[in-house]
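Visitor: Prediction below, plus the sequence it came from.
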Amino acid sequence: MLNNVTFFLCISCGLFVLGLLAVMTRKNAVSILMGIELILNSAGLNFVTFSHFSTGNFHGHLVALFIILLAAAEAAVALAIFLGLYRQRGTVFVDNASDLKQ
Amino acid sequence: MITQAIIVWLLPLFSFAVVLLNSKRLPRQGDFLSLATIFIGLFISMKLFGQMMMQPAGYQENLSFGWIPIGAHSIQIGVHFDILTSIMLLVVTIVSSLVHLFSTKYMEGDPKYGRFFAYLSLFSFSMLGLVLADSLLGLYIFWELVGLSSYLLIGFWHEKPGPAYASKKAFITNRVGDFGMLLGILLIFAILGDLNLQLIFTAVADGKIPMGMLTIIGLLLFCGAVGKSAQFPLHVWLPDAMEGPTPVSALIHAATMVAAGVYLVGRIFPIITPDAGLVIAMVGGFTAFFAATIAIAQYDIKKVLAYSTISQLGYMIMGLGVGAYTAGLFHLVTHAMFKACLFLASGSVIHAMHYALHHSGSHADPQDMRNMGGMRKAMPITYLTMLLATLAISGVPFTSGFLSKDAILGATLAYAIENGGISWVLVFFGFITAAMTAFYMFRIIYKTFFGTFHGGADAEHHLHESPKPMTYPLIALATLSVFFWFTAPKFNPFSTNGWFSSQVVTPARAYAGIMHPGGTFYFHPEVTAKANEVAAEQKKQESERTEHFAHMLAMILSLCVAGFGIWLSWTTYLKHKVDTDAWKQRLGIVYEGMLHKWWMDELYDKTVIAGSLLFSKLMAWIDANFVDGIVNGSAWFFRNLSFGTGKFDNRVIDGAVNGLAWVVGRSGDRVRTIQTGNIQRYLWVTGCVVGTILIVVIASTLL
């Protein structure tokens, strides 16, 4: 079963859809951030999968590592923003952060 | 030569334009410019005349170019120069230049002095153009232009009611005649499609115009001459035209413009049919007689001269009507000289009278002969020159008038002998008018220069001879009234066979070749030519005998009647042997008629003027009720229509535009809500769209 590329792609697709659903439906900024992490990881899984099954070298793994790094950096920045938001508003619900809309 | 003639013609136009526009800025209001151009013209005309004398008879030059192209035709306009043109150029420039000179003193101090000279130049230009024209169209154009200058100059003192009225009368009366002339010109154009005189003559010779039509054309063109040359019944304007300044009367209403009618008849002489000729002669003869009867009873010195002008013009017209081309035009030339002299002399008299009466505080009429008398002592030069001109107009031997008048009377007599019947009336008119002319002209001399002065003793002291610029033209014109100038190169005061008759030869009738001597047509040219040759030879010998006889008889008769007229005048007005008051009583209605110009003005007031006023009123009524009704009705209709379309515009068109705006605004409001700024919703939409596309793509690849 682990030799089949479709299996990994299905998992990746499931991850992506779950992440996307989280981004689309959740109102809590932290949950949205988690959804984004899921999407990023689904992409990383794709890279590794294609790298493994097509060429056999580690280029895809490198990109996955780069994505994990990026996600960490992003999470750091995003959490900092959420902290700032929480301090100002006392909440991290994104619907409240609509100052620019007015 | 023709170039020089054109220069003579255009010079006055130049001075007209310059003086009219700059008279306030130029020294002496620019009169020197008018004088210079006309005198240069005079010298060139003299030179041209000398050159023409060297040419054989019938020499001519033409210059014409297409002016208005109409379809296949082209209306030509141009200049025709022959001996008659050359003589007319000389006559016009002589009289015009002397009148210019005379006017420098006569018009001195007038506020519109410069304008007067501009108008004189305009007149000279128009008259020279009339003389030079080679087609009826060109002639007509300048015919109207001389009419215009005449109008401007008669009404020169238009701030006074008299001249203003007289100028209008002259212009309108001339229009009546000109209308006939225009009809004649249009008739020719309709038949031939050309108006050049030489071409018309050729066409007539080819028989392109039937004789009956030719008679009508001749009479219609003659209508113009009736107006311009003041022939009965359109003579009424000329006596009134004397309201203008006296030099103008001398130049325009005695010497040149009024002779334009005679010149016209002379120009169209080859196409005047015998029938038309008889009518023309009758009109001329009657006018001569009719005007003479009025002249006898007038007291205004200029009015007498005006009627004598009408009378003499009648003579010329009669001469041309009876076929005496040379005699008629000869009288035109001699008359121009002595009549200009008479008018300028009367101007000199009026000038002196005006000064004398003005300085003695009298308000008497300076033109009324009843205020004059005994003026020969104070004004010897005026007296002598006027006497010489009077002798000339009376037809006394050794003067030019004797020669020309005698030629006309002789020709009329010969015409009557040949034709008989009604043409004897012409002879009666001719001789009785000659007697009356002598009578009333000497009446002027005796009433003005002899006897005692009636304008008051105070005024008599102020009488003085006119200044030199006024007497020199008088002397020049009086000298030109002497026989020698016209009998040259011979020196015989009783012979008309001078340069004039040898150079100005009677042109052949254009229709002669197609008309049988009896007056009917031959349609076969070869028969006509032969018959004509024989008949013409017989007729020529016959008429030569008649003419010679008639000429001798006329000379003797005219001497008798002129002598009788002068004698009668002498006994009546110098010796006072005839009681004029008693004769006035005895003549009764006849005298009243003569005094009141046979009530012609009153007649026209009652008929023509009242008629046209009535017609105008009718037209005004139609205008006010009918035409205005249409105009107002259409205004009402369109106002309501506009009101309706205005409503439509406001409701429907604007409604559509506003409605569209409203719909767009509403839908904008609705659609606006889609763009919430909520990123999660955008993602929903994006996800749905991408998902849909994916499903479609995958489904299509799978299927």
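Guide: Good, I have the coordinates.
Visitor: okay, CA-based contacts and neighbour counts for the rest of this
Guide: Will do.
Visitor: Now for the residue most central in space within chain B: which residues touch it?
Guide: Chain B has B:K228 as the residue nearest its centroid, 4.3 Å off, counting by C-alpha atoms, centre = their mean. Taking C-alpha atoms under 8 Å, 6 or more residues apart in numbering or on different chains as the contact definition, B:K228 lies against B:N174, B:G177, B:M257, B:V258, B:A259, B:A260, B:G261.
Visitor: ok, 10 Å please
Guide: Shown in contact with B:K228 (C-alpha atoms under 10 Å, 6 or more residues apart in numbering or on different chains): B:143-144, B:146-147, B:170-171, B:173-178, B:222, B:234-235, B:237-238, B:253, B:257-262, B:264.
Visitor: Please name the residues that touch the residue in chain A that chain B sits nearest to.
Guide: Per C-alpha to the nearest C-alpha, the residue of chain A with the smallest distance to chain B is A:M24, at 4.9 Å. When contacts are counted by C-alpha under 10 Å, 6+ apart, A:M24 touches A:L18, A:I32, A:G35, B:I679, B:Q680, B:R681, B:Y682, B:L683, B:W684, B:G687.
Visitor: Among those residues, name the buried ones.
Guide: For these, a neighbour count by 16 or more other C-alpha atoms under 10 Å in any protein chain shown gives the buried set as A:L18, A:I32, A:G35, B:Q680, B:L683, B:W684.
Visitor: among those residues, which one has the lowest pLDDT?
Guide: Least confident of these in the model: B:Q680, at 82.
Visitor: does it belong to a helix or a strand, and which?
Guide: Take DSSP states H and E as the rule and B:Q680 turns out to sit in helix B:679-702.
Visitor: How about residues contacting that helix?
Guide: By C-alpha under 10 Å, 6+ apart, helix B:679-702 touches A:20-21, A:23-27, A:32, A:94-95, B:674-676, B:703.
Visitor: Let me know the closest of the contacts of A:M24 to B:L344.
Guide: Distance to B:L344 across the contacts of A:M24 (C-alpha to C-alpha) is lowest for B:Y682, with 114.2 Å.
Visitor: What spatial separation is found between the closest one and B:G633?
Guide: 70 Å (C-alpha to C-alpha, to the nearest Å).
Visitor: Give me the buried positions along stretch B:212-230.
Guide: B:214-230.
Visitor: Residue in the stretch 401-550 of chain B with the shortest distance to chain A?
Guide: For the stretch 401-550 of chain B, C-alpha to the nearest C-alpha, closest residue to chain A: B:P469, 106.3 Å.
Visitor: My guess is that residue contacts B:M107. True?
Guide: No. Look at B:P469 against B:M107 with C-alpha atoms under 10 Å: they stay out of range, at 11.5 Å.
Visitor: For chain A, which segments count as helices?
Guide: Assigned by DSSP state H, the helices in chain A fall at A:5-25, A:29-50, A:59-89.
Visitor: Most tightly packed of these?
Guide: helix A:29-50 (a mean of 21; mean count of other C-alpha atoms under 10 Å in any protein chain shown).
Visitor: ok now that one, how far from the chain's centre?
Guide: 3 Å (C-alpha atoms, centre = their mean, to the nearest Å).
Visitor: Check which helices and strands that helix sits against.
Guide: Applying 3 or more C-alpha pairs under 10 Å, 6 or more residues apart in numbering or on different chains; DSSP states H and E, we find helix A:29-50 packed against helix A:5-25, helix A:59-89.
Visitor: Next up, the contacts around whichever residue of the stretch 1-150 of chain B sits closest to chain A.
Guide: Residue nearest to chain A within the stretch 1-150 of chain B: B:L21 (80.9 Å; C-alpha to the nearest C-alpha). Listed by C-alpha under 10 Å, 6+ apart, the contact set of B:L21 reads B:S15, B:G30, B:G114, B:R115, B:A118.
Visitor: Show me those that map onto strands.
Guide: Residues of those located in strands (DSSP state E): none.
Visitor: For those residues, give me CSV that also has distance to chain A.
Guide: CSV is the format used below for the contacts of B:L21 (distance: C-alpha to the nearest C-alpha, whole Å):
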residue, distance to chain A
B:S15, 89
B:G30, 90
B:G114, 89
B:R115, 88
B:A118, 89
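Visitor: just the residues you listed now: which is nearest B:A281?
Guide: B:A118 (37.2 Å).
Visitor: ok, the residue nearest to that closest one when sequence neighbours are not counted - contacts?
Guide: Leaving aside its sequence neighbours, B:A118 sits nearest to B:F16 (C-alpha to C-alpha, 6 or more residues apart in numbering or on different chains; 4.5 Å). B:F16 makes contacts with B:10, B:22, B:30, B:33-34, B:37, B:114-125, as judged by C-alpha under 10 Å, 6+ apart.
Visitor: Quick one: neighbours of B:L42, just the number.
Guide: Other residues near B:L42 come to 22 when the count uses other C-alpha atoms under 10 Å in any protein chain shown.
Visitor: Wait, it touches B:V95, no?
Guide: Yes. Counting by C-alpha under 10 Å, B:L42 does reach B:V95; the two are 9.4 Å apart.
Visitor: Most proximal residue of the stretch 551-700 of chain B with respect to chain A?
Guide: For the stretch 551-700 of chain B, C-alpha to the nearest C-alpha, closest residue to chain A: B:Q680, 4.9 Å.
Visitor: Could you point out which residue ranges in the chain have low pLDDT?
Guide: Reading this off chain A. Along chain A, segments meeting pLDDT under 70 span A:1, A:100-102.
Visitor: Switch to chain B, please.
Guide: B:496, B:514-533, B:536.
Visitor: Could you pick out the residues of it near chain A for me?
Guide: Neighbours of chain A within chain B, by C-alpha under 10 Å from any C-alpha of the partner chain: B:T676, B:G677, B:N678, B:I679, B:Q680, B:R681, B:Y682, B:L683, B:W684, B:G687.
Visitor: Check for me that the second one belongs to a strand.
Guide: No. According to DSSP: H, G, I helix; E, B strand; the rest coil, B:G677 belongs to no strand; its state is coil.
Visitor: Regarding chain B, what is its longest helix?
Guide: Max-length helix for chain B by DSSP H is helix B:525-569.
Visitor: Report the distance from that helix to the chain centre.
Guide: Remark: helix B:525-569 is offset 31 Å from the chain centroid, using C-alpha atoms, centre = their mean.
Visitor: next one: the next helix or strand after that helix to chain centre, how far?
Guide: Next along the chain after helix B:525-569, taking DSSP H and E as the criterion, comes helix B:580-587. Centroid separation between helix B:580-587 and its chain, computed with C-alpha atoms, centre = their mean, is 38 Å.
Visitor: Same check on stretch A:28-39?
Guide: Centre to centre, stretch against its chain (C-alpha atoms, centre = their mean), the figure for stretch A:28-39 is 6 Å.
Visitor: same question, stretch B:473-483
Guide: Using C-alpha atoms, centre = their mean, the offset of stretch B:473-483 from its chain centre is 25 Å.
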